[in-house]
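>>> Got a predicted structure plus its sequence, pasted below:
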Amino acid sequence: MVRPMRFLHSLQARYTTAATTLLFLITALGGVSLDLAVRYRIEDRVFFDAEQVAARWSAQVRSGTLPHPASVSGAIHLVQLVDARGRILVASPDAAGRPRLSMLRPPADDRLQRRVECAPGRPCLLLMANRVSPAPDAPVVYAGTVEPPLCGTHRLEYLIGGAGLLIVLSGARLMWWIIGRALRPAERQAQFAAVTSHELRTPITGLRLQLEEALIHPDQVNPRDTIRGALSAAGRLEAIVQDLLVMARLRDGRAEPHEPIDLAALVTAEADTHYGGTPVKVCTSGDVWVHGSRIQLIRLVGNLLSNARRHAETGVTIGVASADGRAVVTVTDDGNGIARADRERIFERFTRLDEGRCRDSGGTGLGLAISRDIAHAHGGTLRIEDSPRGARFVLRLPLLDRKATGGRRSPRPGRTDHGRESGPEPGPEPEPGPDR
């Protein structure tokens, strides 16, 4: 069983690694694209505003008047008008006292140019250079601003990188969970196959040893004992195979014929089939009807009764009632009970507690697993609840509206405070296996 589990875990790790690598590449590509897009959008907006300011100053120069320095407002706060000799004619208040913003002089055929000026020890400037006219001595208007911190530093890359890392880590964790969930049925199937092969191998090995011993020592082995042992092993194999077929039908969702069933009558009749040995007391309150498969519900109740009688000290009590729109069947024994840590594990396939193995070693370990599957197939639940003494199994099924049954009543055996008297013809006897 270890090797299939390791393979599935390795498969989960490989799939998760591949998916995470692909996610990382996509995130990295998206991060680079986002970084470039954000930078372009910010710079394009700055250059557009600078172009508007430079065009306005150029228009005033062409009209024969010098722009007023105080007319500069907004984000574009660095503006200079520089003549052909490089002299600053007019400057905005923030550009006054600064050296020439740029040495760029656009040619006559391309009078509007963008420029990023970076000087040592100073932040870079985003400038728009606008040559006023094609004339050789035409002045140039420089308009711009300091490069925004988001573009002038690596802050944008850090933000995008951090977000990308968070996306990759979250995606890897999500991928691990999704792939693990997708592989879980295969994992359960591999585990079930391994456990099933072990359970089948045990009686087969015993049968083989008995037959080999009979062949090797024919004078020392009683043939009747060999045949009796072989039949016992074959019976155990048959019980396991039958239980596996029942579970397969339940897990595949194969529908069984459903009908309105008087659950109290069914439980009482099934209790009558378990005569002898540990006494069973049945307590019912009124008519409790459900809609389901009679054969499956008989098997479920039979499994619970067999399990309870196996572990009871003096007796078993089974009750049938209705509460909150549900039919409730409780099967209680007065044995040692079940530890809280084992209350869910006991419903797993081929799970048998130590006490169950000591009391009866011939069970299949599938009875309670089948019982819970039947309960789920009928839209109900089967669980173990607290009890003052012993184990208390509680089955809850959807209660059938009495109108749907047409008011029919099924014959019910009489009962006393001390147990059961007589019942109808019992249904097919199930073959439950001890699970604890």
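Everything's here; your move. Just so we're clear, the structure is a prediction, and the values are computed from it rather than from any experiment.
>>> residue boundaries of the strands in the protein?
Along the chain, the stretches classed as strands by DSSP state E are 78-82, 88-91, 112-117, 125-131, 140-146, 259-262, 280-284, 289-292, 316-323, 326-333, 381-385, 392-398, 415-416, 419-420.
>>> Contacts for the second one next, please.
In this case it means strand 88-91. Contact partners of strand 88-91, identified using C-beta atoms under 8 Å, 6 or more residues apart in numbering, comprise 66-67, 69, 79-83, 97-98, 100, 139. (C-beta placed from N, C-alpha, C; glycine too.)
>>> Of all these, the one with the weakest confidence?
Minimum pLDDT across the contacts of strand 88-91 is recorded for residue 69, with 72.
>>> Which residue is the nearest non-sequential neighbour of it?
residue 92 (5.2 Å; C-beta to C-beta, 6 or more residues apart in numbering).
>>> nearest spatial neighbour of residue 259, skipping sequence neighbours?
Using C-beta to C-beta, 6+ apart and skipping residues adjacent in sequence, the residue nearest residue 259 is residue 294, 6.5 Å away.
>>> circling back to that earlier point, what count of nearby residues applies to the residue nearest to residue 69?
Residue 92: 23 surrounding residues under other C-beta atoms under 10 Å.
>>> repeat for residue 90
If you count neighbours by other C-beta under 10 Å, residue 90 ends up with 19.
>>> and what of the one 5 residues further on?
As a burial measure, the neighbour count of residue 95 was computed by other C-beta under 10 Å and equals 22.
>>> what do you get for residue 246?
By the measure other C-beta under 10 Å, the count of residues near residue 246 is 19.
>>> Touching, it and residue 295? I think so.
No. Applying C-beta atoms under 8 Å as the test, residue 246 and residue 295 come out as separate, 10.0 Å apart.
>>> ok, which stretches of the stretch 201-350 of the chain are helices?
223-251, 263-273, 294-311 (DSSP state H, counting those that start in this stretch).
>>> tell me the angle the last one makes with helix 263-273.
Going back to what we said before, that points to helix 294-311. 50 degrees (axes from the mean of the first three to the mean of the last three C-alpha atoms, to 10 degrees).
>>> What is helix 294-311 packed up against?
Contacts defined by 3 or more C-beta pairs under 8 Å, 6 or more residues apart in numbering; DSSP states H and E place helix 294-311 against strand 259-262, helix 263-273, strand 316-323, strand 326-333, helix 354-359, helix 367-377, strand 392-398.
>>> Tell me which residues of the shortest one come out buried.
Going back to what we said before, that points to strand 259-262. 260-262 (16 or more other C-beta atoms under 10 Å).
>>> tally of neighbours for residue 322?
Neighbour number of residue 322 under other C-beta under 10 Å is 18.
>>> wait, isn't it in contact with residue 290?
No. Residue 322 is not in contact with residue 290 according to C-beta under 8 Å; the separation is 9.7 Å.
>>> and for the two, which residues touch both?
With C-beta under 8 Å, 6+ apart as the test, residue 322 and residue 290 both reach residue 399.
>>> hmm, back to that, out of the contacts of strand 88-91, give me the one that has the most neighbours.
residue 79 (28 neighbours).
>>> So it versus residue 118, what's the distance?
For residue 79, the distance to residue 118 equals 19 Å [C-beta to C-beta, to the nearest Å].
>>> For the stretch 1-150 of the chain, which segments count as helices?
2-62, 149-152.
>>> pretty sure residue 143 is touching residue 126, no?
No. Assessed by C-beta under 8 Å, residue 143 is found out of contact with residue 126, at 9.8 Å.
>>> So if I had to pick from these two, which one is more boxed in?
residue 143 (30 against 25).
>>> List the contacts of that one.
Counting by C-beta under 8 Å, 6+ apart, residue 143 touches 50-51, 53-54, 57, 76, 78-79, 127-128, 130.
>>> For the helices of the stretch 1-150 of the chain, which has the smallest mean pLDDT value?
Lowest mean pLDDT within those: helix 149-152, at a mean of 77.
>>> Just give me the neighbour total for residue 33.
Residues near residue 33, counting by other C-beta under 10 Å: 11.
>>> swap in the one 4 residues further on?
When neighbours are counted by other C-beta under 10 Å, residue 37 registers 10.
>>> Distance-wise, check it relative to residue 126.
Distance check for residue 37 against residue 126: by C-beta to C-beta, it reads 17 Å.
>>> Please apply the same query to residue 281.
Applying C-beta to C-beta to residue 281 and residue 126 gives a distance of 92 Å.
>>> How about residue 88?
19 Å.
>>> related to what we said a few turns ago, so which of the helices and strands packed on helix 294-311 comes closest to residue 216?
Nearest of the helices and strands packed on helix 294-311 to residue 216, taken as C-beta to C-beta: helix 354-359 at 29.9 Å.
>>> between the helices of the stretch 1-150 of the chain, which one is nearest to residue 106?
Per C-beta to C-beta, nearest to residue 106 of the helices of the stretch 1-150 of the chain: helix 2-62, 10.7 Å.
>>> Between strand 112-117 and the closest one, find me the angle.
Using the same axes, to 10 degrees: helix 2-62 against strand 112-117 is 120 degrees.
>>> can you give me the angle helix 2-62 makes with strand 125-131?
Here helix 2-62 runs at an angle of 40 degrees relative to strand 125-131 (the same axes, to 10 degrees).
>>> helices and strands around helix 2-62, which ones?
strand 78-82, strand 112-117, strand 125-131, strand 140-146, helix 149-152, helix 155-216.
>>> now these as TSV including distance to residue 335?
Below are the helices and strands packed on helix 2-62 laid out as TSV (distance: least, C-beta to C-beta, whole Å):
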stretch	distance to residue 335
strand 78-82	92
strand 112-117	86
strand 125-131	85
strand 140-146	85
helix 149-152	73
helix 155-216	25
